[in-house]
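[1] Provide a 3D model corresponding to the input given below.
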Amino acid sequence: MEPYDLILGGSIVLIASYFANILAKKTNIPAVLMLMVIGYVIQQFVGVDQKDLLGALNILGPIGVILIVLEASLDLKLEKEKTGLILKATGLAIILLFVTSAAIALALTAFLDMSFYTGLLYAVPLSVLSSAVIIPSVGGLIDIKKELLIYESAISDIVGIILFYALLPFGEEGAGGGEIIHTLSDLGLTILLSVVFSYVLIILFQYVTEGAKLFLLMATLVGLYAAGKQLHLSPLPLIMVFGLALNNQKVFFRGGLKHLVDESKLKHILHDLHFITLETAFLVRTFFFVAFGMSIVLGDLVHWSVPLITLFAIVAIYGSRFVGLRVAMGKDITPEIFVAPRGLITVLLFYSIPAELASEEFQPGILLLTILVTSLVMTFGLIREAKVGTGMADSEGEKTEESKEETASSEGENQASPSTTEAGSPTQPKEPKVMVPFPKPQEPASNES
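    Numbers count the residues shown, from 1 in each chain. Have a look, this model is predicted:
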C-alpha cells in the first residue's frame, strides 16, 4: 500500500471517529462499537496481516491505558465530603473484579478442558471494566453517579492489570508460596515509587519553561511506565497518583511541602496537560479499536462454547454487580447496574497471555461477544436513563441530596451577579434597582429612570 493511501485512510478514520463521538453523545451508542464496525468494514476491502495487527495492538494498547488512566485521574477531585464515595467505588471495583473472575474461571473450568489457573488468566480480562468506554459515555449523568463510575472503572483497570500480571509467575514451573510474597513486595515497591516520582515530577516540571514541555512530561511518564514493565513491576499506579496529585495539589502538598509548588504554575500545567491528554487519547483510542475491528473474525462466533461461556460471563458480571451496588448504594442503582462494558483492557490483557500458558480451548469469539453484549447493555441503560431523566445532569427530575446541595450552593453564588438568574425561577431579581445609581443623601431624589 502506498504511503499516501495510509495517510488518506488514517485521516478518514479520524474524521469518522470524531463524528462517531458526536453520534454517541446523541444516541448513547458507545463510539468504540462504531470504531470496531469501521475496522471490520476496512478488513473486507483491504488485505490484513493478523501479525501486523497484533503488533499494532500491543503498542497502542499500553499507550491507550496510560492516557485513559491519566485522563481519568486528572478529572477526579479528592475532597473530604467525597471520601465515602471513593471508598465505595474502590471496594466495588476490587470485590467485583475478584468475584467475577472466580465465577468466570469456574465456568471455563467446568465446560472447557483447562485448569482453574488457566481459567483465571482468561477470566481476569473479561472481568475488568473498560474506562475507555465508560469515561466518554457517562458525561451526561449527575455528578455523584458519574464520579462513582469513573472512580470504579479507573480502579478496576489498575487492579485488573496488577492482578493479571501477578498471576503470570504462578504458571512457571516450581512457583509456590514465595511468589505471593514477591508479588506483594513488588506492589508495595510500586506504590512507594509512584508517590516519590509523582512528587518529583510535579516539583521539577513547574520550572520547565522551554517549549514542548508537555510532550517532555508525557514522554517521561511513558518512559517510566515502560521501565517499570521491564523491571516486572506494575507501573500503572504511577500514572494515577501523578494525575491525582496534580489535580489535587492542596491535598498532596500540605504543611512543609506547600512552599515547594507554585499554585498558579501547576494550574497552567494541569489545564494544558488535560487538553493534550484528551486529544491524544482520542487519537490512540480511535486507531486501537479500528485495529481491533480489523482483527475480528465472525466465524469465531459459531463455536458451541462461545454463546455458552458468554452467557455465564454475563450472568456473573451483572449478577455480582447487582448485589454489590445494592449493598453499597441502596435501591437507586440505575444506570450504574447497566454500565459494565468491556473494552481496551480486556483486549490488551487477552493478547498478553503468554503462548506457553494459552489454551486452544478458549475461543476469541467469547471475548468479542462479551464486549458486544456489555456495550449494548450499557447503551440500553443510558438510553433508558435519558428517557426517565432522574440520573441525568440536565434533567428536571428528582436529584440526590448531594446534587441538591450543590445546586443550592451554585444558586447562591449566581445571585451575587445581577445578570445571572436561575432558569425557570418564578421570582426574578429586580434588575432596574441594581442598574440605577443610588441618589446622594444631600441631593433631592432624581426623576431619572
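[2] Going by C-alpha atoms from here, please, whenever you check contacts or count neighbours.
    Fine.
[3] Name the residues that touch the helix or strand harbouring residue 314?
    Taking DSSP states H and E as the criterion, residue 314 maps to helix 305-329. Under the criterion CA atoms under 8 Å, 6 or more residues apart in numbering, residues 88, 92, 96, 99-100, 103-104, 107-108, 111, 126-127, 300-301, 332-333, 336-338, 340, 363, 365-366, 369-370, 374 lie in contact with helix 305-329.
[4] swap in stretch 364-383?
    By CA under 8 Å, 6+ apart, stretch 364-383 touches 27-30, 33, 126, 296-298, 300-301, 303, 305-307, 309-310, 313-314, 334-335, 338-343, 346-347.
[5] Extract the C-alpha trace of that stretch and format it as CSV.
    The C-alpha trace of stretch 364-383 is given here as CSV (Å, rounded to 0.1, in the frame of the first residue of the first chain):
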residue,chain,number,x,y,z
PRO,A,364,-11.6,-15.5,20.7
GLY,A,365,-15.3,-15.2,19.9
ILE,A,366,-16.0,-15.3,23.7
LEU,A,367,-14.0,-12.1,24.0
LEU,A,368,-15.8,-10.4,21.1
LEU,A,369,-19.3,-11.4,22.1
THR,A,370,-18.8,-10.3,25.7
ILE,A,371,-17.6,-6.9,24.6
LEU,A,372,-20.6,-6.5,22.2
VAL,A,373,-23.2,-7.6,24.8
THR,A,374,-21.9,-5.5,27.6
SER,A,375,-21.6,-2.4,25.4
LEU,A,376,-25.2,-2.9,24.1
VAL,A,377,-26.5,-3.4,27.7
MET,A,378,-24.8,-0.1,28.7
THR,A,379,-26.3,1.6,25.6
PHE,A,380,-29.8,0.4,26.7
GLY,A,381,-29.2,1.6,30.3
LEU,A,382,-28.1,5.1,29.3
ILE,A,383,-30.9,5.5,26.7
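[6] circling back to that earlier point, quick check on the contacts of helix 305-329: which are buried?
    Using 16 or more other CA atoms under 10 Å as the burial test, these include 88, 92, 96, 99-100, 103-104, 107-108, 126-127, 300-301, 333, 336-338, 340, 363, 365-366, 369-370, 374 as buried.
[7] Distance check, the residue nearest in space to the middle of the chain against residue 285.
    When the chain is reduced to its mean C-alpha position, the closest residue under CA atoms, centre = their mean turns out to be residue 131, at 2.4 Å. According to CA to CA, to the nearest Å, residue 131 stands 11 Å off from residue 285.
[8] who does the longest helix along the chain touch, helix- and strand-wise?
    Ranked by residue count, the top helix of the chain under DSSP state H comes out as helix 263-294. Under the contact definition 3 or more CA pairs under 8 Å, 6 or more residues apart in numbering; DSSP states H and E, helix 263-294 sits against helix 3-27, helix 31-45, helix 50-73, helix 213-230, helix 236-247.
[9] so the residue nearest to the centre of the chain makes contact with residue 158?
    No. Between residue 131 and residue 158 there is no contact under CA atoms under 8 Å: 10.2 Å.
[10] Is residue 338 part of a helix or strand, or is it coil?
    At residue 338, secondary structure determined by DSSP: H, G, I helix; E, B strand; the rest coil is coil.
[11] residue contacts, the nearest residue to residue 281 once chain neighbours are set aside?
    Nearest non-adjacent residue to residue 281, counting by CA to CA, 6 or more residues apart in numbering: residue 67, 5.5 Å away. Residue 67 is in contact with 277, 278, 280, 281, counting by CA under 8 Å, 6+ apart.
[12] The third one and residue 157: what is the separation?
    Residue 280 sits 19 Å away from residue 157, taking CA to CA as the criterion.
[13] neighbour count winner among those two?
    When neighbours are counted by other CA atoms under 10 Å, residue 157 comes out ahead of the other of residue 280 and residue 157, with 28 against 15.
[14] Now that one. Its backbone dihedrals?
    Dihedral angles of residue 157 (phi, psi; degrees, to the nearest 10) stand at phi -60, psi -50.
[15] what sits against it?
    By CA under 8 Å, 6+ apart, residue 157 lies in contact with 128, 129, 130, 131, 345.
[16] just curious, which of those residues is nearest to residue 254?
    When the contacts of residue 157 are compared for distance to residue 254 (CA to CA), residue 131 wins out at 30.3 Å.
[17] Quick one, grab the pLDDT at that closest one.
    At residue 131, the model reports a pLDDT of 84.
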